[in-house]
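*Asks:* generate coordinates for the sequence data below:
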Amino acid sequence: METNKINSFDSLFTTDHIRMLKILLSYMKPPLQGKIAVYIRFLELSYIMRFFSQNPYAGWSPSGLSLFAASASDPLSFSELSDLLDEILPFCDFAEREDIQSLKNTFQSVENLQQTMEMFRMMQELMPDFFAQNASDGNSEGSSEGNPFPFDLSELSQMMDMIQELKK
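*Replies:* Numbering: from 1, shown residues only. So this is what the prediction gives:
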């Protein structure tokens, strides 16, 4: 799949004249090939720079160019980020692969923690009497009043909010 994205990018940001030069390149002698290859890259870079200076809001996706692309500040979801990491994995060396796997594991842990926190919030909304009763019985080891858990949910909630901010 990543090959399709690479090929679609390359095909969108080139011209027919550049394609012709690429074909001609294979018929040239090796000393000249290096000079023409640099020239081809220069033409591609010039074309891309000209295109984006004339269309500052343009964006690219494998399906083509869009002149009203999504904002770059839109955060990726954990699943989108995981998909992205999976796509770049084949191009990584061993150490980078380990780092990416570690990062994916961290994201998965954060996502699991978020789901757990959401479940706690839903339970508190659905059964407020249960949580209030456990806290008033004195059976709670929680550090804050009304919390039946052995930790302060408000601190955990603040931590989750901070993680959400980091995603942005």
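
*Asks:* so where's the protein shaky on pLDDT?
*Replies:* 1-3, 61-74, 130-156, 159, 166-168 (pLDDT under 70).

*Asks:* can we see that at 80?
*Replies:* 1-9, 11-12, 56-79, 127-168 (pLDDT under 80).

*Asks:* how is it divided into domains?
*Replies:* The record assigns the chain these domain ranges, following automatic domain parsing: 2-66, 78-167.

*Asks:* mean neighbour count added to the ones you listed, as a markdown table?
*Replies:* No exception for glycine: its C-beta is placed from N, CA and C like everyone else's. Output for the domains of the chain, formatted as a markdown table (neighbours: other Cβ atoms under 10 Å):
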| stretch | mean neighbour count |
| --- | --- |
| domain 2-66 | 12 |
| domain 78-167 | 13 |
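
*Asks:* contacts only, for Ile100.
*Replies:* 85, 88-89, 92 (Cβ atoms under 8 Å, 6 or more residues apart in numbering).

*Asks:* could you export the residues you listed as CSV, including secondary structure?
*Replies:* Formatted as CSV, the contacts of Ile100 follow (DSSP: H, G, I helix; E, B strand; the rest coil):
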residue, secondary structure
Leu85, helix
Ile88, helix
Leu89, helix
Cys92, coil
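
*Asks:* between those residues, which sits nearest Asp129?
*Replies:* Leu85 (43.8 Å; Cβ to Cβ).

*Asks:* the closest one contacts Leu103, correct?
*Replies:* Yes. Leu85 lies in contact with Leu103 (Cβ atoms under 8 Å); the separation is 6.8 Å.

*Asks:* which one among the contacts of Ile100 gets closest to Trp60?
*Replies:* Distances from Trp60 to the contacts of Ile100, taken by Cβ to Cβ, are shortest for Ile88, at 16.4 Å.

*Asks:* so can I have TSV of the contacts of Ile100 showing distance to Tyr39?
*Replies:* Formatted as TSV, the contacts of Ile100 follow (distance: Cβ to Cβ, whole Å):
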residue	distance to Tyr39
Leu85	35
Ile88	29
Leu89	33
Cys92	31
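
*Asks:* which among those gets closest to Phe9?
*Replies:* Ile88 (13.8 Å).

*Asks:* quick check: the closest one vs Leu81, distance?
*Replies:* 11 Å (Cβ to Cβ, to the nearest Å).

*Asks:* can you tell me the helix or strand for Ala95?
*Replies:* Using DSSP states H and E, Ala95 sits within helix 94-126.

*Asks:* how distant is that helix from the center of its chain?
*Replies:* 15 Å (Cα atoms, centre = their mean, to the nearest Å).

*Asks:* not counting sequence-adjacent ones, nearest residue to Ile18?
*Replies:* Nearest non-adjacent residue to Ile18, counting by Cβ to Cβ, 6 or more residues apart in numbering: Leu43, 5.3 Å away.
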